[in-house]
Every structure is written in structure tokens, then in C-alpha cells.
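Chemist: predicted model follows, preceded by the sequence.
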Amino acid sequence: MKKLVFSLFVLLVSAPAWAQSTLTNAQHNVTLTVPTGWESDSQNDERAAFNLRHTDHSQIEVIGNDLLTAEVSTVFFRHFHETLQASQFMAAGQEDKTVGDVSGTETVYRFDHSNATLKVAVFQFVRGTTAWLVILYSQEDVFDAHVAEFRSVISGLAFQG
């Protein structure tokens, strides 16, 4: 009986680790812990290392782009932001920040259409010769509720090698 109680105790203590799944992207040697309430979108596009969806239709996308040299990242980042702005996304703020051990730049955009407002947070950083974008797409009314999860994805990226 003591062994059974001890085994149950061990299972209960380790249960929180089961609550969140871990995803690995072999191409970029990176692992991500999926925040509670989010799930991996197995039909993600080819450019995303990870694509997470929430039941409220919010999305977190993690994109890694291998570069010839780290200096080329400015072209990659500029092109991404210009594409958003060409699609009528309006920059609402930008600041350099550190999230966990990751230093980069966060830009927030707004997009108004058909009586709905979409907010997009873009965190960009370079690691080695890979330019990274972590992007949160969310309706304005739930955006603030997902910012902590967005930042946990950034700080929880585990790079191997």
C-alpha cells in the first residue's frame, strides 16, 4: 500500500509537466513548450518553425530564417514589417526589450476592418545566423490576455547546439 501511495504521489507531483506539450523543430534545433490553452497547428505553413492556435482564434507563429550572415537580418526584418504595413497594419508602438534571456525588438500593430480590430505583436531577434520572428495575432479584446503567453513562448525557446 505504501508503494501505491508513493507512486500516486510521484505521479501527482509530476502531473504539471504533462499539462504542457513540448514541440521540436529539427531544422532549427529548437524546442518550444506550448502554453496551456494553446495547441500546435499541424497544418502550419512551410515558413513557420511552430504555429500555435488558441480556441479564440488567436495565433502565435514562430519563424526562423537562416541567413548567410547575421547582418542580413535587417533586410529580412524590414521586408516583414513593410509587408504588414502594405496590408494596412498600422504600427502602434515599438521598443527594444529583453524577454527572459532573449533581447530583441517588439513592435505592436493594429488592423481595423469590418468593425473588428486585430492586434499583432512582433518580437524579432537574431541568434547566430538565424533571424527569428515570434508573432501574436489576436482580436483586440483578448490581446492583453495573451501577451504573457506570447512572452512565455519567446523566453521558453530552447536552442540546442
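Modeler: Arrived safely, thanks for sending.

Chemist: which regions of this structure lie under the pLDDT threshold?
Modeler: Counting by pLDDT under 70, the chain shows low-confidence ranges at 1-20, 42-45, 161.

Chemist: how about the strands in it?
Modeler: Under the criterion DSSP state E, the chain carries strands at the ranges 22-25, 30-33, 38-40, 48-54, 59-66, 90-99, 102-113, 116-127, 130-139, 158-159.

Chemist: what's next to the third one, contact-wise?
Modeler: Contacts of strand 38-40 with the rest of the structure, by Cβ atoms under 8 Å, 6 or more residues apart in numbering, involve 21, 23, 34, 50, 51, 52, 53, 54, 60, 149. No exception for glycine: its C-beta is placed from N, CA and C like everyone else's.

Chemist: note down every partner strand of it and its orientation.
Modeler: Within its sheet, strand 38-40 is paired with strand 48-54 (antiparallel), according to DSSP bridges.

Chemist: the second one too?
Modeler: The pairing partners recorded for strand 30-33 under DSSP bridges are strand 22-25 (antiparallel), strand 158-159 (antiparallel).
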